[in-house]
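Student: generate a structure from the sequence data that follows.
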Amino acid sequence: MLKGILIGLAALVAVAGVAVGITLHLTRAPEPGPFYDAPDGAGGAAPGELLRDEPFSAGVPEGAKAWRILYSTTGMDGRPVAVSALVLAGATAQRSPGPRPVLAWAHGTIGVARGCATSLLPDPSVALAKPMDRILAQGWVVVATDYAGLGGPGVHPYLAGEATGEAIIDSVRAARALDTGMELDHRYAVWGESQGGHAALWTGVVATEGYAPELTLVGVGAAAPASDLGPLLTAGMGSTPGKVLTALAVSSWTKVYPELDFDATVARRARAPIRALARRCLFPNFFVVAAQAVLLPKTVLTVDITADPAWARRVEENTPDGRIGVPLLVAQGAKDPIVNPGVQARWVARRCAAGQEIDFRRYPDRQHTDIMGSAGPDLVVWTRTLFAGAPVAAGCATG
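Tutor: Reported below is the predicted structural model:
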């Protein structure tokens with residue numbers, strides 16, 4: 001009898017193990033497919049050069065047209081790298097005369113594995129700017145980069161500032177080269193959320209330093225941006241979502257920066273869970289990722305990344321403390337458990353003290369994942385004002 005029970009339990013464990021293994025295999029990041037591979041000769045492509053395009057329909061709002069594009073930007077190693085993006089134009093843009101302003105969108109964290117691209121999601125709208133219907137109704141053309149390494153080849157430089165800012169600006173260049181049947185203006189604005197907020201801030205820094213002088217950036221909107229990286233990454237270790245984002249940053253940075261060592265940075269018990277997390281995308285496998293995140297131990301890192309010389313140098317160089325020479329709006333939810341509101345406020349105060357003008361808006365009832373519910377409509381009004389050539393709030397106004 002006992003022997004039979006033990007055999008039965010062993011069989012159940014074996015079946016469960018096979019089921020878990022199948023689940024983990026099936027929820028790995030998808031294979032991008034041939035569209036995302038760099039074409040022959042792309043190694044000599046100029047930044048912003050359009051390499052490939054095709055019509056796109058998944059999750060596209062009614063009446064809108066969309067295209068998937070592959071374009072060139074400069075990788076972390078200084079060589080050209082192919083990056084994918086989506087371009088969307090609503091009915092208003094399609095029937096309006098004259099050049100259409102461009103809104104560059106930088107999405108929040110989806111993952112760091114190749115395959116975690118917005119343009120590869122079953123429903124890309126979950127990672128696009130909100131409210132998309134109101135955005136397209138303005139007559140703007142939206143370009144939403146997938147970032148390097150999430151669609152195209154290579155390693156994704158998660159929270160690596162300068163290269164990501166250049167990739168966003170190069171997406172605007174590529175969108176203007178696309179045959180959409182519309183003329184796209186040289187003026188553009190950039191919005192970003194979370195990881196994308198960090199990317200939007202860096203877009204402002206890079207543009208202010210003179211990148212792509214043929215384009216005119218009119219404003220930067222950053223919702224819950226990863227701004228002061230050192231305090232944000234260390235503060236995030238107190239929550240499971242924060243641990244996941246720090247884990248993704250460590251996984252990425254130990255690949256793109258040769259002096260940073262994964263095993264020397266990560267606690268032994270955290271290495272396997274972090275590697276598993278880094279192979280998956282938050283969408284559409286959120287619950288699988290959440291279940292894996294629970295396996296992260298209390299201690300994830302064995303070094304203080306704000307004090308270790310090698311890590312501290314990379315943290316400092318990727319913190320967006322450079323001057324942004326256009327209007328800047330930063331939106332922050334007061335109940336955000338991932339991007340600490342106090343850290344955000346101190347970063348804003350520091351940048352204001354350095355002479356940076358910031359319209360800092362705080363939303364008392366918003367958390368991290370719903371910040372665009374309030375900030376999105378405000379950003380539409382603010383950006384519409386900028387494209388109209390009218391002034392917006394200056395100084396360091398706080399709301």
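
Student: output the lowest mean pLDDT helix or strand found in the chain.
Tutor: Using mean pLDDT, DSSP states H and E, the weakest-scoring helix or strand in the chain turns out to be helix 2-26, at a mean of 35.

Student: for residue 71, give me the backbone phi and psi.
Tutor: Main-chain torsions, residue 71, degrees, to the nearest 10: phi -140, psi 170.

Student: need the contact list for it.
Tutor: 48, 49, 50, 51, 82, 83, 84, 85, 170, 171, 173, 174 (Cβ atoms under 8 Å, 6 or more residues apart in numbering). Placement of C-beta: from N, CA and C, glycine included.

Student: wait, isn't the second one in contact with residue 176?
Tutor: No. Under the contact definition of Cβ atoms under 8 Å, residue 49 does not touch residue 176, with a separation of 11.4 Å.

Student: neighbour count for these two, which is higher?
Tutor: Remark: of residue 49 and residue 176, residue 176 carries more neighbours, 22 against 18, as counted by other Cβ atoms under 10 Å.

Student: from residue 88, how far off is the more buried one?
Tutor: For residue 176, the distance to residue 88 (Cβ to Cβ, to the nearest Å) stands at 14 Å.

Student: can you check residue 28 too?
Tutor: Applying Cβ to Cβ to residue 28 and residue 88 gives a distance of 28 Å.

Student: what do you get for residue 190?
Tutor: 15 Å.

Student: looking at the two, which one has more neighbours?
Tutor: For residue 190 versus residue 88, the count of surrounding residues by other Cβ under 10 Å is larger for residue 190: 31 against 28.

Student: hang on, that one in a strand?
Tutor: Yes. Using DSSP: H, G, I helix; E, B strand; the rest coil, the assignment for residue 190 is a strand.

Student: I'd say residue 222 and residue 200 touch.
Tutor: Yes. Counting by Cβ under 8 Å, residue 222 touches residue 200, with 4.8 Å between them.

Student: identify the contacts common to these two.
Tutor: With Cβ under 8 Å, 6+ apart, residue 222 and residue 200 have common neighbours 191, 192.

Student: re the thing from before, what about the contacts of residue 71, which are in helices?
Tutor: 170, 171, 173, 174 (DSSP state H).

Student: and those residues, which is closest to residue 215?
Tutor: residue 173 (7.1 Å; Cβ to Cβ).

Student: spit out the contact partners of residue 104.
Tutor: Here residue 104 is in contact with 142-145, 168-169, 171-172, 188-191, 203 (Cβ under 8 Å, 6+ apart).

Student: returning to that earlier point: of the contacts of residue 71, buried ones?
Tutor: Among these, those that count as buried by neighbour count (16 or more other Cβ atoms under 10 Å) are 48, 49, 50, 51, 82, 83, 84, 85, 170, 171, 173, 174.

Student: let me know the pLDDT of the residue nearest to residue 160 when sequence neighbours are not counted.
Tutor: With Cβ to Cβ, 6 or more residues apart in numbering as the criterion, residue 160 has its nearest non-adjacent residue at 5.8 Å, and that residue is residue 318. The model reports residue 318 with a pLDDT of 98.

Student: which residues in the stretch 151-300 of the chain form helices?
Tutor: Along the stretch 151-300 of the chain, the stretches classed as helices by DSSP state H, counting those that start in this stretch are 161-177, 195-208, 229-235, 240-256, 262-265, 268-278, 286-293.

Student: now mean pLDDT and distance to residue 131 too, for the ones you listed, in CSV please.
Tutor: What follows is those, written out as CSV (pLDDT from 0 to 100; distance: least, Cβ to Cβ, whole Å):
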stretch, mean pLDDT, distance to residue 131
helix 161-177, 98, 21
helix 195-208, 98, 16
helix 229-235, 89, 27
helix 240-256, 92, 24
helix 262-265, 96, 40
helix 268-278, 94, 30
helix 286-293, 77, 22
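
Student: nearest to residue 349 among those helices would be which one?
Tutor: Nearest to residue 349, of those and by Cβ to Cβ, is helix 229-235 at 12.9 Å.

Student: pull the distance from that closest one to the chain's centre.
Tutor: Chain-centre distance of helix 229-235: 17 Å, with Cα atoms, centre = their mean, to the nearest Å.

Student: and if you look at stretch 196-215?
Tutor: 15 Å.

Student: which regions of this structure lie under the pLDDT threshold?
Tutor: The chain contains residues with pLDDT under 70 at 1-27, 397-399.

Student: how about a cut-off of 90?
Tutor: Within the chain, the stretches with pLDDT under 90 are 1-30, 41-43, 233-246, 282-299, 337, 393-399.

Student: can you give the domain ranges for it?
Tutor: Under the assignment automatic domain parsing, the domains of the chain span 34-228+319-387, 230-314.

Student: and the strands in this structure?
Tutor: 50-56, 65-74, 80-89, 100-106, 141-145, 184-193, 216-223, 328-333, 359-363 (DSSP state E).

Student: so which of the ones you listed is nearest residue 39?
Tutor: strand 50-56 (5.7 Å).

Student: ok, that closest one: who's next to it in the sheet?
Tutor: strand 65-74 (antiparallel) (DSSP bridges).

Student: run the chain-centre distance for the partner strand.
Tutor: For strand 65-74, the distance to the chain centre is 16 Å (Cα atoms, centre = their mean).

Student: contacting residues for residue 148?
Tutor: Residue 148 sits next to 73, 75, 76, 81, 83, 154, 155, 156, 157, 163, 164, 167 when contact means Cβ under 8 Å, 6+ apart.
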